[in-house]
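Trainee: dropping a prediction and its sequence here:
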Amino acid sequence: MQKVIGSSPIEPTSSERAPFFFDFEYMEQIKIKFPDGTEKEFEKGITAFTIANKISSRLADDALVAKVNGKIVDLSTSINNDADMQILTFENPDGKETYWHSTSHLMAHAVQSLYPEAKFGVGPAIDTGFYYDIDINKTLSEEDLVKIENRMLDISKQKNPFVRTELSKSEAINFFEKKGDNYKLEILSKLDENAETISIYDEGEFTDLCTGPHIPDTSKIKYIKLLSVSGSYWRGDENNKQLQRIYGVSFPKKKMLDDYIVALEEAKRRDHRKLGKELELFHLTPKVGSGLPIWLPKGTILRETLEKFLKEEQTKRDYLPVVTPHIGNINLYKTSGHYPFYKDSQFPTMKFENDNEEYLLKPMNCPHHFQIYLAKPRSYRDLPLRLAEFGTVYRYEQSGELNGLTRVRGFAVDDSHIFVRGDQLKDEVCNVIDLIKVVFTTMGFKEFTTQLSFRDNNVEKYGGDLALWDKAQVEIKEAADLMNLDYHIEEGEAAFYGPKIDFMVKDTLGRKWQLGTVQIDYVMPERFNLEYVGSDGQKHRPVVIHRAPFGSLERFIGILIEHFAGYFPTWLAPVQAVVIPVSQNYFDYAKLVCNKLKSNNVRVEVDERSEKIGYKIREWENQKVPYMLIVGEKEKESNSISLRQHKVGDKGIMSLKDFSQKILDEIINKTNHN
Ligand SMILES: [Zn+2]
Ligand SMILES: [Zn+2]
């Protein structure tokens, strides 16, 4: 067993000593190229940390890992050849990920020191921090988390370096057998030592099986918050033992932790599961089934308003509505390739005893729309043909993955399949991008970014004619430029059937959500033998664009609820105004106001309860209704209302005519006053 820091077999040293490591008389030189394009020569074998230190001691302080020729490595890694290099800090996503993953080691260390019998599963970084799955004969409480957190802070101060050791599989097995760590042994048993280097990392008295990389030492981890603990089956399999998964997050600066806690409280306040219940939008009950939300009247109004908005925008752009059933003959999905390849994420097939046909709850709408295309012969003049449907699809998500509206088992996709000729592709991609931009702007998502997912050179992964692919990729990029998208290109992220565009929005809390998608497809048209007759009288293959600006309507509404914190703009609010008479004497006038607005299609009601006025106002404020119209003697006499706006408060007296005009303007223009 050779102990090393970094991936080269050199005697261990702490990262502090690393700068003086290569004090030889003569060293061969290597060239290091930095992200800003500058190039510098260093002695061969220099560590990434020493390079950071030579740039500035501040950078060396903040440095967590390095990216060398695209690979993230420990700072203690020796560099022996010319290389492109970037020093990564917490500000960099890969730096942050390594920081959080390293904190999961620190947490396991703290757990081991408090509960020596603990066994460890896996401890990765996630988007929002890290977790570790732990097997321990005690149900951990909130107080235990605080204890673990404090122990982590103690250990952090010990400034333990993360020391890498590469070893053979049998050496590793020996080690974890002695330690009695069954889970690590199970992971090891599945590793192929010829294919991958097996490494362990020591951090003080804690050793973990890990490929790395890690941050230099524990002292970098300064501010820690353990967030929750929940049950989690080993390897996500319900037949395995349930471990306890501790979630946490950590930061190098106090302000970062403080900001995080404020944002966390805000996110809790906006949680769509909580607001969905309070605002009576949707209901989830095991009596209907896990992951199968039912829509209450107010939620249905919200949903239908969104559908109406998109349908109108689509009609303007010559989309044609279609409707297809919720189940389909299994052969449809065999042709498309969804069955059996996605069998595990689908509900089981249905079959009657005396019937040869088998059916599937539809996992996608595409094959159904292809049948509509095939229902009659198509000519080049028919294209582009844009078929659109809010089509409900069903996926069997694991129960542990289900989450409110954002991860469900049945959801409506604002789906469309656009059949185009090759020469129409670019224009149509522009049309779709324009529509998606209209949707995002209307919802008040001010910031969104786009990923163009292209193919890489691993050509076996992709179907269809690669020359067409390359042309499409050029055109997608041109369309993205033309439409002023803020985009980046990811090679190797394309679907097997074609390149795609994914849209990410940032909500008011700065959280990123993946929403709309546009996918070019060269494979399905072949599988379904889609054709059109060209101007040359010959048969040609159309290209299919799959696109969905909302993505899943359920998920989109979940995100909207959190984005608006339940304070929907007037055009979306299930109840847009409520008339509150100050006493029974004004019920008639209140009804008159209500009917006047209703005749203009405003969603309005009268609160006729005999509660105190202050109580009613508080309650409607909690219901986040945009406008409260208070009416009494003064208002009745002058044919007016006293206006209260949600979040703002009293807006004073206003004639009924002016208010009607104001609310109608807001609804028609979809004004977002939040
Ligand atoms: Zn690790
Ligand atoms: Zn599709």
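Mentor: Looks like it came in fine. Ligands and ions are numbered 1, 2, ... in the order given.
Trainee: C-alpha from now on. contacts and neighbour counts both.
Mentor: Will do.
Trainee: give me the pLDDT value at the residue of the chain found nearest ligand 2.
Mentor: Among the residues of the chain, residue 366 lies closest to ligand 2, at 4.0 Å counting by CA to the ion. As summarised for this prediction, residue 366 has a pLDDT of 94.
Trainee: show me what contacts it?
Mentor: Residue 366 is in contact with 417, 546, counting by CA atoms under 8 Å, 6 or more residues apart in numbering.
Trainee: how about it, phi and psi?
Mentor: phi -50, psi -60 (degrees, to the nearest 10).
Trainee: and residue 545, what are its bridge partners?
Mentor: Using DSSP bridges, the bridge partners assigned to residue 545 are residue 418, residue 520.
Trainee: verify the stated contact: it with residue 421.
Mentor: No - the pair residue 545 / residue 421 is not scored as a contact, 10.8 Å apart, by CA atoms under 8 Å.
Trainee: secondary structure class for residue 600?
Mentor: With DSSP: H, G, I helix; E, B strand; the rest coil as the basis, residue 600 sits in coil.
Trainee: which phi and psi values does it adopt?
Mentor: The phi/psi pair for residue 600 (degrees, to the nearest 10) is phi -100, psi 20.
Trainee: residues contacting it?
Mentor: Taking CA under 8 Å, 6+ apart, we find residue 600 in contact with residue 664.
Trainee: how near is the residue most central in space within the chain to ligand 1?
Mentor: With distances taken as CA atoms, centre = their mean, residue 513 lies nearest the centre of the chain, 4.4 Å away. Computed as CA to the ion, to the nearest Å, the residue 513 to ligand 1 distance reads 27 Å.
Trainee: and that residue, that's in a strand?
Mentor: Yes - assignment of residue 513 by three-state DSSP places it within a strand.
Trainee: contacting residues for it?
Mentor: Applying CA under 8 Å, 6+ apart, we find residue 513 in contact with 504-507, 559.
Trainee: cool, residue 125 as well?
Mentor: By CA under 8 Å, 6+ apart, the contact set of residue 125 is 97-98, 100-101, 104, 131.
Trainee: can we see that at 10 Å?
Mentor: 96-104, 131-132, 247-249 (CA atoms under 10 Å, 6 or more residues apart in numbering).
Trainee: ok so, going back, okay, residue 545 and residue 421: which has more neighbours?
Mentor: residue 545 (23 against 20; other CA atoms under 10 Å).
Trainee: next one: the more buried one, what pLDDT does it get?
Mentor: pLDDT at residue 545 comes out at 96.
Trainee: likewise residue 515?
Mentor: 89.
Trainee: dump the residue contacts of it.
Mentor: Applying CA under 10 Å, 6+ apart, the residues near residue 515 are 436, 440, 448, 502-505, 548-552, 555-556, 559.
Trainee: check residue 350 too.
Mentor: Per CA under 10 Å, 6+ apart, neighbours of residue 350: 327-330, 357-361.
Trainee: buried subset of these?
Mentor: By the neighbour-count criterion of 16 or more other CA atoms under 10 Å, these include these buried positions: 327-328, 330, 359-361.
Trainee: looking at those, which are in helices?
Mentor: residue 330 (DSSP state H).
Trainee: filter the buried ones among the contacts of residue 350 by proximity to ligand 1?
Mentor: Among the buried ones among the contacts of residue 350, no residue lies close to ligand 1 (CA under 5 Å from the ion).
Trainee: about what we covered before: so what sits against both of residue 545 and residue 421?
Mentor: With CA under 10 Å, 6+ apart, residue 545 and residue 421 have common neighbours residue 428.
Trainee: re earlier: in JSON lines, list the buried ones among the contacts of residue 350 along with pLDDT.
Mentor: As requested, the buried ones among the contacts of residue 350 are exported to JSON lines (pLDDT from 0 to 100):
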{"residue": "327", "pLDDT": "94"}
{"residue": "328", "pLDDT": "93"}
{"residue": "330", "pLDDT": "92"}
{"residue": "359", "pLDDT": "94"}
{"residue": "360", "pLDDT": "93"}
{"residue": "361", "pLDDT": "94"}
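Trainee: quickly note the distance from the nearest residue to residue 180 once chain neighbours are set aside to residue 232.
Mentor: For residue 180, the nearest residue in space outside its immediate sequence neighbours is residue 119; the separation is 7.9 Å by CA to CA, 6 or more residues apart in numbering. From residue 119 across to residue 232, the span is 14 Å (CA to CA, to the nearest Å).
Trainee: in this structure residue 505 contacts residue 436, no?
Mentor: No - using CA atoms under 10 Å, residue 505 is not in contact with residue 436; the gap is 11.2 Å.
Trainee: now the two most distant members of the contacts of residue 350.
Mentor: Distances among these were taken as CA to CA; the most separated pair is 357 and 361, at 13.5 Å.
Trainee: which neighbours do the two share?
Mentor: In contact with both residue 357 and residue 361: 329-330, 350, using CA under 10 Å, 6+ apart.
Trainee: quick check on the closest residue to residue 406 other than its chain neighbours: phi, psi?
Mentor: In space, residue 406 comes closest to residue 555 once its chain neighbours are excluded; the distance is 4.2 Å by CA to CA, 6+ apart. Main-chain torsions, residue 555, degrees, to the nearest 10: phi -60, psi -40.
Trainee: what's around residue 175, how many residues?
Mentor: Neighbour tally, residue 175, other CA under 10 Å: 16.
Trainee: so how far is the helix or strand harbouring residue 580 from its chain's centroid?
Mentor: Following DSSP states H and E, one finds residue 580 within strand 577-581. Relative to its chain's centre, strand 577-581 lies at 39 Å (CA atoms, centre = their mean, to the nearest Å).
Trainee: for it, packing partners?
Mentor: Using 3 or more CA pairs under 10 Å, 6 or more residues apart in numbering; DSSP states H and E, the elements in contact with strand 577-581 are helix 587-598, strand 604-606, helix 613-622, strand 627-631, strand 640-645.
Trainee: inside strands: which ones of the buried ones among the contacts of residue 350?
Mentor: Residues of these located in strands (DSSP state E): 327-328, 359-361.
Trainee: which stretches in the stretch 101-250 of the chain count as strands?
Mentor: 119-120, 125-126, 129-135, 162-166, 199-203, 206-209, 223-233, 242-251 (DSSP state E, counting those that start in this stretch).
Trainee: tell me the most buried of these?
Mentor: strand 162-166 (a mean of 26; mean count of other CA atoms under 10 Å).
Trainee: contact partners for residue 169?
Mentor: 175, 188-189, 191-194, 197-199.
Trainee: contacting residues for residue 639?
Mentor: 589, 593, 631, 633, 654-657.
Trainee: can you narrow the residues you listed to ones near ligand 2?
Mentor: Of these, not one also sits near ligand 2 (CA under 5 Å from the ion).
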